[in-house]
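Colleague: When you get a sec, could you give me coordinates for this:
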Amino acid sequence: MIESRPSLPATLDDVDGWFPKVDQRLFTWFLERQDRLGQSGDLVELGSYLGKSAILMGRHLRDGENFTVCDLFDSEAPDDSNQAEMEGSYATLTRTAFEANYRAFHDGLPQIVQAPTSAILDHVQPESCRFVHVDASHLYEHVRGDIQAAHVMLPVEGVIVCDDYRSEHTPGVSAAVWEAVAVDGLRAVCVTPQKFYGTWGDAKPVQDDLLEWLGAQDDLWHETQEVAGRRLVRVKGRPAPKPKKKNQVRELKERLARIEDQRARAQHELDSVRNSVSFKVGRAATALPRVMRRRRPPQG
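Modeller: The predicted structure follows:
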């Protein structure tokens, strides 16, 4: 019996994974901005699942740059807590599935490091990257180490993106991300419902460019807040507008006109009945007994 192979994805939406449209838009914006400004450097993803975000990042790889993906895939985790997390959330993750998905969109594969993310600095040089996506373990100790590694790999103008920084089931990520902001000098550029975008450089020029771009995007909502004395941009997708009825006002007017016409016809028919001879005779006949009963003298 020949086993059928799963069909390859034709679009990014066909790839399993958690990569909302708003973050797809922001990844593209950050990477294209770096291209416009001539900021060179490698790309790194720590934790790739089945390749959804890696596929998008690979589209922005330039000649002479490297893209390194680090993930356990189907290897054993380095500790019991990490192994339990793998079995609970990533049971379907295999390197074969990742490679098949990635090759559906790209001719070649990135450099794959099948190991714990703590090994990434053995494969990537300090300050050699421009964009690092942290999306591996949700355990505080591991995420803290991944952020520290990103700090080593990125120059000051580089961008770090951290996934699941606010989810209820990932408090370890939240603790590690905001600790880096409060203690280690990481500066927040923007946040979405799922991801945190930051830099160890000056966030203001990035935010200024981002706000200018967001102002022209009808499908993205944004606002600015101040956190610990620094500006932070919130971004999320706008819900699709509900379709409006065409010519709604005209339809309402036509409906009111029909109701008024029905009322006028009913009134006309009622007046016709009241003015008819039969109605007047019948009314007089029923009125006579009432008059006679009122005039009848009391008995006894």
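
Colleague: For stretch 18-32, list the C-alpha coordinates in PDB.
Modeller: Taking Å, rounded to 0.1, in the frame of the first residue of the first chain, the C-alpha atoms of stretch 18-32 are listed here in PDB:
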ATOM      1  CA  TRP A  18       0.500  31.000  15.000                       C
ATOM      2  CA  PHE A  19       1.600  34.000  12.900                       C
ATOM      3  CA  PRO A  20      -1.200  36.600  12.700                       C
ATOM      4  CA  LYS A  21      -1.700  38.900   9.700                       C
ATOM      5  CA  VAL A  22      -0.800  42.000  11.800                       C
ATOM      6  CA  ASP A  23       2.600  40.400  12.600                       C
ATOM      7  CA  GLN A  24       3.200  39.300   9.100                       C
ATOM      8  CA  ARG A  25       2.700  42.900   8.000                       C
ATOM      9  CA  LEU A  26       5.100  44.200  10.700                       C
ATOM     10  CA  PHE A  27       7.800  41.600  10.000                       C
ATOM     11  CA  THR A  28       7.600  42.800   6.400                       C
ATOM     12  CA  TRP A  29       7.800  46.400   7.300                       C
ATOM     13  CA  PHE A  30      10.800  46.100   9.700                       C
ATOM     14  CA  LEU A  31      12.700  44.000   7.200                       C
ATOM     15  CA  GLU A  32      11.900  46.200   4.300                       C
END
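
Colleague: Nearest spatial neighbour of V113, chain-adjacent residues omitted?
Modeller: C70 (4.2 Å; CB to CB, 6 or more residues apart in numbering). Placement of C-beta: from N, CA and C, glycine included.

Colleague: Which elements pack onto the helix or strand that contains the one you found?
Modeller: According to DSSP states H and E, C70 maps onto strand 67-71. Under the contact criterion of 3 or more CB pairs under 8 Å, 6 or more residues apart in numbering; DSSP states H and E, strand 67-71 touches strand 42-46, helix 52-58, helix 95-103, strand 111-114.

Colleague: What helices and strands are in contact with the longest one?
Modeller: Packing partners of helix 95-103 (3+ CB pairs under 8 Å, 6+ apart): helix 52-58, strand 67-71, strand 111-114.
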